[in-house]
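S.K.: fold the following, please.
(2 chains)
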2 protein chains.
Amino acid sequence: MALKIALLGFGTVASGLPFLLEKNGDKIRAAFGGDLEITKILVRDDNEGYRLKEKGHSYQFVTSIDDILKDPEIAIVVELMGRIEPAKTYILAALDAGKHVVTANKDLIALHGPEIQESAKSKGLAFYYEAAVAGGIPILRTLANSFTSDKIKRVLGVLNGTSNYMMTKMVDQGWTYEEALAKAQVLGYAESDPTNDVEGIDAAYKVAILSHFAFGMTIAFDDVSHQGISTITAEDVAVAQELGYVIKLVGRVEETASGILADVSPTFIPKNHPLASVNDVMNAVFVESIGIGQSMFYGPGAGQKPTATSVMADVIRIARRLEDQTVGKAFNEFSRPTRLANKEDKCSHYYFAIETPDKTGQLLRLATIFNEQQISFQQVLQEKAQEGRARLVIITHMMNQLQLEAVQSQISQESDFKLLNAFKVLGE
Amino acid sequence: MALKIALLGFGTVASGLPFLLEKNGDKIRAAFGGDLEITKILVRDDNEGYRLKEKGHSYQFVTSIDDILKDPEIAIVVELMGRIEPAKTYILAALDAGKHVVTANKDLIALHGPEIQESAKSKGLAFYYEAAVAGGIPILRTLANSFTSDKIKRVLGVLNGTSNYMMTKMVDQGWTYEEALAKAQVLGYAESDPTNDVEGIDAAYKVAILSHFAFGMTIAFDDVSHQGISTITAEDVAVAQELGYVIKLVGRVEETASGILADVSPTFIPKNHPLASVNDVMNAVFVESIGIGQSMFYGPGAGQKPTATSVMADVIRIARRLEDQTVGKAFNEFSRPTRLANKEDKCSHYYFAIETPDKTGQLLRLATIFNEQQISFQQVLQEKAQEGRARLVIITHMMNQLQLEAVQSQISQESDFKLLNAFKVLGE
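M.R.: Have a look, this model is predicted:
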């Protein structure tokens, strides 16, 4: 038996699929007792089809989605076009046509996942997207399958390869943000408009998806607060080093007494924490749970072959479930009503870098502001003044969102204080 | 519906199971639509039963396996007694009685796994053992499910928590082997007879199991060569540091042109390799594959709750498969005829520490020995002589098992050379 697959798009990731089918055919056949065969591929226009044919590809390139939807032999549609439209319309149409769907499209899942899942569920069809989070790391299936016996308290992730490459260079090589971005663009890691990567938007999509798998709660993308790495200075990086930390862009989902919180922000990570050694374009998801305790899943967050491998794992899973006649089961069956955390329960240690005039009594004034909010200090560092301005660095004990907002507002009201940066600090 | 479970043994791991059932009941119920209930527990004798009853446990403690085998309500038997007998006899009897079986018993799986798997398969019963390798890390299920689309080239693992604790202290704190062992025994990590942990036997059991999941090949325990950490000296640790490595006990399974090789040995790991930061009692499995590339799965290798969590994940998986009517499927469906690698294909970089008389021409003699075997040097270090003896350290380029044996034999024939240690070096 050959199970027939159609691809929507034939870009970098999609063109990695034939490699896996070829190199791994025996294992795939053994896994479900049949062959997988890519038949039709949707391309933009006839020109693209001709060009791919000339390159030696023997697939049937089509330019109308109907050629795929109306083909009764095609069982699985793999969407690898990216962006929201027409991907969303095509996926819903494929489900309407009775096809199982696999995608790597994180933006789409984060923004419209529930609607598509509902459609798939109502029709008894599979809709899988392992590749949407952390590329090659099989984290979604692991959370759905192996953490059923456990209760997750917090998930922390280095989820964006581009920004992690930049942060690694800023920490290890002392590059500035601008230098790191320029190099990431030269290497093709960052797009000419790097906003999604450097402002934490891409990571926030992944955080929203992780929330569903780790806590059974669907969180709207707008409820994932995100702060990027573009304001991080060489001074922040140096002081982090001095105090025993590295700075990385970290996504977090945590269950508190009032509900879950989800955010993406630059975070000071203690050097001996496993996430601290996740470097360059690699990703990792660090899970804290009542049973296992601490575990981490590390691998490439993007790239042709890693992403194609996750996509193909989904396709094979559908093939096995078709064989087992259990294909209608949801990718993630863990589901609870969503409750969002109160600001009182959104807690972290914080790093503050504040510029003040270089005169006596500044630290006292600052300490008074923090003290009024009942925030205590864990570490304080006053750097030597330059040009009449001193730089004060504070690492606080645990504080909540209300305290953070109050102290930020207070500092901004003091005209001679300048809050340079406030970042989360991961406690040990 | 309640699915009834019997436990064989109620030691550390088993007594962690009620905690998970209590804290995670809702999620477990949602996973398969019913309750899990521990009913009977096999204990050594009536005294143990009385003692546990007095502690407030309300389970039915039995002293005869027949009380469990003949109970038609019990669907799943969880074996947590350890060692080979009577565990093996009881597991086979449970399968004969039509019960699904879960175990954490790595010794048993490594030595008698195929026989038990065959029995389970022929009866359409489940036999799972996620907890047998790397305790809390869901590595076996991940290899079986998520790597189906990939082709693994090599698996490297820090698989024994006790020896890793000791190596961490020897590297970070400069403790000697004896100091590290004494402390591990005080902390309860090492038994009074630490042979299995420090000589690599425990890790070799896990390597044998990993081979089956990563490569589909069953390897006999005797075909896993193992070398322990007891000969590692403070000088080895120091020179490793100086050359940019840490030493850890590493298990390896690798597919070569002629077949697979599996071994456990002290290994120099480059400091920037992800395995280098796996410290204390933590475990990790590092996978190299053609699709994902490099991935790593990190977590606690032992301990009550982590191990109980993996055991419970297996129990829940059986419950789900019972509901899906797919319970007869093997834990790992990937199976190929076993082929063992030739000595020519067993390759690694090596570290040699050799003591010689402190006189001219020693390095030349040594270089001649290596040159005759066509082994080239990557790094050479001659340490300052003490009491008329010099210590030469060599890191070689890639060499195979035949070359290793030849050069070891040659060195031993030179009466004034003393081969202190030869360890593998992980290339970058």
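
S.K.: any idea how far B:N145 is from A:G216?
M.R.: 20 Å (CB to CB, to the nearest Å). Glycine gets a C-beta too; all of them are placed from N, C-alpha and C.

S.K.: now swap in A:A93 and tell me
M.R.: Distance from A:A93 to B:N145, by CB to CB: 29 Å.

S.K.: how about A:Y245?
M.R.: From A:Y245 to B:N145 the distance is 36 Å (CB to CB).

S.K.: quick one: mean pLDDT for stretch A:85-101?
M.R.: Averaging pLDDT along stretch A:85-101 gives 98.

S.K.: nope, stretch A:148-163 is what I was after
M.R.: Stretch A:148-163 comes out at a mean pLDDT of 96.

S.K.: at the contact with chain B, which residues of the stretch 201-350 of chain A appear?
M.R.: Taking CB under 8 Å from any CB of the partner chain as the criterion, the stretch 201-350 of chain A approaches chain B at residues A:216, A:272, A:274, A:276-277, A:279, A:282, A:289-300, A:303, A:305-306, A:308-310, A:312-313, A:315-317, A:324, A:326, A:329, A:333-335.

S.K.: what subset of the residues you listed is buried?
M.R.: Taking 16 or more other CB atoms under 10 Å in any protein chain shown as the criterion, what is buried in these is A:216, A:274, A:276-277, A:279, A:282, A:289, A:291-300, A:303, A:305-306, A:308-310, A:312-313, A:315-317, A:326, A:329, A:333-334.

S.K.: which residues in the stretch 301-428 of chain A form strands?
M.R.: A:347-357, A:377-386, A:389-396, A:399-400, A:418-425 (DSSP state E, counting those that start in this stretch).

S.K.: ah, wrong one, I meant the stretch 1-150 of chain A
M.R.: A:2-8, A:35-42, A:60-62, A:74-79, A:100-103, A:127-128.

S.K.: chain center to the fourth one: distance?
M.R.: So the one you mean is strand A:74-79. Chain-centre distance of strand A:74-79: 25 Å, with CA atoms, centre = their mean, to the nearest Å.

S.K.: now the angle from it to strand A:35-42?
M.R.: Angle of strand A:74-79 versus strand A:35-42, following axes from the mean of the first three to the mean of the last three CA atoms, to 10 degrees, is 60 degrees.

S.K.: for strand A:74-79, packing partners?
M.R.: For strand A:74-79, the elements it packs on are strand A:2-8, helix A:87-96, strand A:100-103, helix A:304-324, judged by 3 or more CB pairs under 8 Å, 6 or more residues apart in numbering or on different chains; DSSP states H and E.

S.K.: the second one packs against which elements?
M.R.: Identification of packing neighbours for helix A:87-96 by 3+ CB pairs under 8 Å, 6+ apart yields helix A:66-69, strand A:74-79, strand A:100-103, helix A:106-123.

S.K.: what's the last one packed up against?
M.R.: What that stands for is helix A:106-123. Using 3+ CB pairs under 8 Å, 6+ apart, helix A:106-123 sits against helix A:87-96, strand A:100-103, strand A:127-128, helix A:201-215.

S.K.: ok, the first one next?
M.R.: In this structure, helix A:66-69 makes packing contacts with strand A:35-42, helix A:87-96, judged by 3+ CB pairs under 8 Å, 6+ apart.

S.K.: in that helix, which residues are buried?
M.R.: Applying 16+ other CB under 10 Å to helix A:66-69 flags A:68-69 as buried.

S.K.: how about residues contacting that helix?
M.R.: A:6, A:8, A:40, A:42, A:62, A:74, A:77, A:93-94, A:96-97, A:99 (CB atoms under 8 Å, 6 or more residues apart in numbering or on different chains).

S.K.: and what of the second one?
M.R.: With CB under 8 Å, 6+ apart as the contact definition, strand A:74-79 has outside contacts at A:3-9, A:14, A:17, A:39-40, A:68, A:87, A:90-91, A:94, A:99-105, A:311, A:315, A:318, A:322.

S.K.: swap in the longest one?
M.R.: The contact list for helix A:106-123 (CB under 8 Å, 6+ apart) reads A:82-84, A:87-88, A:91-92, A:95-96, A:98, A:101, A:103, A:126-127, A:129, A:132-133, A:202, A:204-206, A:208-209, A:212, A:218, A:221, A:328, A:330-331.

S.K.: for PyMOL, write the selection for the buried entries among the residues you listed.
M.R.: Per 16+ other CB under 10 Å, the buried members of the contacts of helix A:106-123 correspond to this PyMOL selection:
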select buried, chain A and resi 82+87+88+91+92+95+101+103+126+127+129+132+133+202+204+205+206+208+209+212+218+221+331
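
S.K.: would you mind splitting chain A into its domains for me?
M.R.: A:2-135+A:304-324, A:148-300, A:343-425 (the TED database).

S.K.: want to try TSV for the strands of the stretch 1-150 of chain A, with distance to B:I152 as columns?
M.R.: Listed next are the strands of the stretch 1-150 of chain A as TSV, based on distance: least, CB to CB, whole Å:
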stretch	distance to B:I152
strand A:2-8	23
strand A:35-42	19
strand A:60-62	33
strand A:74-79	23
strand A:100-103	22
strand A:127-128	22
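
S.K.: buried deepest among these, which one?
M.R.: Highest mean neighbour count of these: strand A:100-103, a mean of 27 (counted as mean count of other CB atoms under 10 Å in any protein chain shown).

S.K.: can that strand be said to contact chain B?
M.R.: No. Shown here: strand A:100-103 not in contact with chain B (CB under 8 Å from any CB), separated by at least 11.2 Å.

S.K.: likewise stretch A:17-29?
M.R.: Yes. Using CB under 8 Å from any CB, stretch A:17-29 reaches chain B at A:20, A:23-24, A:27-28.

S.K.: so how far is chain B from A:T233?
M.R.: 25 Å (CB to the nearest CB, to the nearest Å).

S.K.: what do you get for A:I232?
M.R.: 22 Å.

S.K.: many thanks, I have nothing further to ask.
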